[in-house]
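Asker: I need the structure of the sequence given here:
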Amino acid sequence: MKTQVGLEGLRANPLPALSGRRLGLLLNQASVDTQGHLACDVIDEVYPGQLVKLFSPQHGLWGEQQANMRETPHGHYDPLDLPVMSLYSETRRPSAEMLADIDCLVVDLQDVGTRVYTFVWTLLECMLACAEHQRSLVVLDRPNPLGGTVMEGPDLDRSLFSFVGGAAIPLRHGLTMAELARLFAHELHLELDLSWVPLQHWRRGWNYWETGRAWNWPSPNMPTVTTALLYPGMVLWEGINLSEGRGTTRPFEVVGAPFLDARSWLERLQPFALPGLQVSPTRFVPTFDKWADQRVCGLDLRVVDPQQVRSVATSVALLLTAAALSPGEFKWLDPPYEYDTVNWPIDILFGNGRLREAVTSLGETAPDPGLVESLISWDEASWRARIEPILLYH
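Answerer: Now for the predicted structure:
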């Protein structure tokens, strides 16, 4: 039986509390039911004439804009003659004016299970705005595509909070959007009328392949579930001058740079366990982003056992060995990164400065697996204790 998302649950059993209220909806092109109908069209069918405004996250309603401060203008959804307010524009939090003509904001976004993904933090900004302006908020839940049992650190240091990390959560957090909303409301003590429409027929141990649902890409560089599975660690490459495969058809599944020798890199990786993956040499030419139109030598990451993949550990091993191979060419990218103009992007991404400091200390010395384990160590037991009261699924 297919997993039923919150949108479909709302259509099957409309919430009486929404009847007669003016509704806003935060969505994008991945906010669809199993037939591919957009959430705004479904909600307009369930609550005719009540939907008065749409909101879009980073990349826009249709996922057209690329990443990192490429803002989306406000727009219009012609089929329903509704304005679309961009929450990745001059503001990332709904303003009082944006909320003035609605009573309740409905949120239907597909998250990817990783701290470094702005949809989570757009949700938080909406919660803060709704609490301030006394508007209700309803989350239409969707599956965490990575499942909810495997989690990977490290946690985020509070000094590095940004728009890709606004709370102290690990890189692979294991929660759905409704669960994240419950966590934020609880830990921030928000005076917010928060509710949700839960998933049906979903288990925490499932990854997305087991839901029976088609994948609809939530952002331009998240084309497949495999991409999402590798993303928790491979997103770290956004903080260095090596390509993470943006500008190819396989972002976050291929990595490299023109100055690297792929076979030497593989040799350096031999001591490291890279579970669930087949890693082999490759070459590619990105059409945009880092090393655009140049021949890149690197590695191809093929998933052979999704349940075994630990993307953060894999990426840290790849990054440490690449840096040791080419200490003269390997570079950290400078700020800004997602509106933070002070901190190193790699520190924001990783959650602390220890990875950057380790690379500096190593120089050309080959790293060992013990260093990887040390860098990614975190208090998983504490995190599981924090989230136990807010979990919706088991």
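
Asker: Check the offset of stretch 249-264 from the chain's centre.
Answerer: Averaging C-alpha positions (Cα atoms, centre = their mean, to the nearest Å) puts stretch 249-264 22 Å from its chain's average.

Asker: repeat for stretch 34-53
Answerer: 25 Å.

Asker: Would you map the helices across the protein?
Answerer: Counting by DSSP state H, the chain has helices at residues 6-12, 39-46, 96-99, 118-133, 177-187, 225-234, 262-269, 311-325, 345-350, 354-362, 369-376, 380-387.

Asker: Of those, which is nearest residue 82?
Answerer: helix 39-46 (7.1 Å; Cβ to Cβ). From N, CA and C alone the C-beta is placed, and that goes for glycine too.

Asker: neighbours of residue 297, just the number please.
Answerer: Number of residues near residue 297 (other Cβ atoms under 10 Å) recorded here: 18.

Asker: how much space between the residue nearest the centre of the chain and residue 177?
Answerer: Centre of the chain computed as the mean C-alpha position; nearest residue by Cα atoms, centre = their mean is residue 117, 3.0 Å away. As for residue 117, its distance to residue 177 is 11 Å (criterion: Cβ to Cβ, to the nearest Å).

Asker: quick one, strands of the stretch 101-250 of the chain?
Answerer: Chain-ordered strands for the stretch 101-250 of the chain, with DSSP state E, counting those that start in this stretch as the definition, fall at 104-107, 136-140, 194-197.

Asker: With distance to residue 227 and mean pLDDT added, can I get those in TSV?
Answerer: Below are these laid out as TSV (distance: least, Cβ to Cβ, whole Å; pLDDT from 0 to 100):
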stretch	distance to residue 227	mean pLDDT
strand 104-107	23	98
strand 136-140	23	98
strand 194-197	26	98
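
Asker: Deepest-packed of these, please.
Answerer: Ranked by mean neighbour count under mean count of other Cβ atoms under 10 Å, the strands of the stretch 101-250 of the chain are led by strand 104-107, which reaches a mean of 26.

Asker: Low-confidence bits of this protein, can you list those?
Answerer: For the chain, applying pLDDT under 70 flags no range at all.

Asker: quick revisit: which residue packs closest to the residue nearest to the centre of the chain, ignoring adjacent ones?
Answerer: Leaving aside its chain neighbours, residue 117 sits nearest to residue 111 (6.4 Å; criterion: Cβ to Cβ, 6 or more residues apart in numbering).

Asker: count of residues packed around that neighbour?
Answerer: Using other Cβ under 10 Å, residue 111 has 22 other residues around it.

Asker: How about the contacts made by it?
Answerer: Contacts were defined as Cβ atoms under 8 Å, 6 or more residues apart in numbering; by that measure residue 111 touches 117, 119, 120, 142, 144, 176, 177, 180, 218.

Asker: what about it, distance to residue 278?
Answerer: From residue 111 to residue 278 the distance is 27 Å (Cβ to Cβ).

Asker: What of residue 352?
Answerer: Look at residue 352 and residue 278: by Cβ to Cβ, they are 31 Å apart.

Asker: Of these two, which one has the most company?
Answerer: The residue with more neighbours, out of residue 352 and residue 278, is residue 352; 18 against 11, by other Cβ under 10 Å.

Asker: show me what contacts the nearest residue to the more buried one once chain neighbours are set aside?
Answerer: Excluding the flanking residues, the one nearest residue 352 by Cβ to Cβ, 6+ apart is residue 157, at 4.7 Å. Listed by Cβ under 8 Å, 6+ apart, the contact set of residue 157 reads 168, 351, 352.

Asker: Quick check: the first one touching residue 153?
Answerer: No. With contact defined as Cβ atoms under 8 Å, residue 168 and residue 153 do not form a contacting pair (11.0 Å).

Asker: Settle it for me: which of these two has more neighbours?
Answerer: For residue 168 versus residue 153, neighbours defined as other Cβ under 10 Å are more numerous around residue 153 (22 against 16).

Asker: if I pick residue 389, what's in contact with it?
Answerer: residue 186.

Asker: any idea how far it is from residue 170?
Answerer: 17 Å.

Asker: again with residue 96
Answerer: Taking Cβ to Cβ, one finds residue 96 at 34 Å from residue 170.

Asker: more crowded one of these two?
Answerer: Neighbour count, other Cβ under 10 Å: between residue 96 and residue 170, residue 170 has more, with 22 against 9.

Asker: Now the more buried one: closest residue in space that isn't a chain neighbour?
Answerer: Excluding the flanking residues, the one nearest residue 170 by Cβ to Cβ, 6+ apart is residue 153, at 4.6 Å.

Asker: Ok, residue 95 next?
Answerer: residue 129 (7.6 Å).

Asker: Give the full set of residues in contact with that neighbour.
Answerer: Taking Cβ under 8 Å, 6+ apart, we find residue 129 in contact with 93, 94, 95, 99, 135.

Asker: Residue 379: neighbour count?
Answerer: There are 13 residues near residue 379, going by other Cβ under 10 Å.

Asker: Okay, the residue nearest to it when sequence neighbours are not counted and residue 329: tell me how far apart.
Answerer: Leaving aside its sequence neighbours, residue 379 sits nearest to residue 155 (Cβ to Cβ, 6+ apart; 7.3 Å). Between residue 155 and residue 329 the computed distance is 31 Å (Cβ to Cβ).

Asker: Pick out whichever of those two has more residues nearby.
Answerer: Taking other Cβ under 10 Å, residue 155 and residue 329 do not tie; residue 155 has more neighbours (20 against 14).

Asker: List the contacts of the more buried one.
Answerer: 168, 169, 170, 351, 378, 379, 383.

Asker: Can you tell me which of those residues is closest to residue 338?
Answerer: Proximity of the contacts of residue 155 to residue 338 (Cβ to Cβ) peaks at residue 351, which lies at 14.0 Å.

Asker: That closest one contacts residue 159, doesn't it?
Answerer: No. Contact between residue 351 and residue 159 fails when scored by Cβ under 8 Å: they sit 10.4 Å apart.
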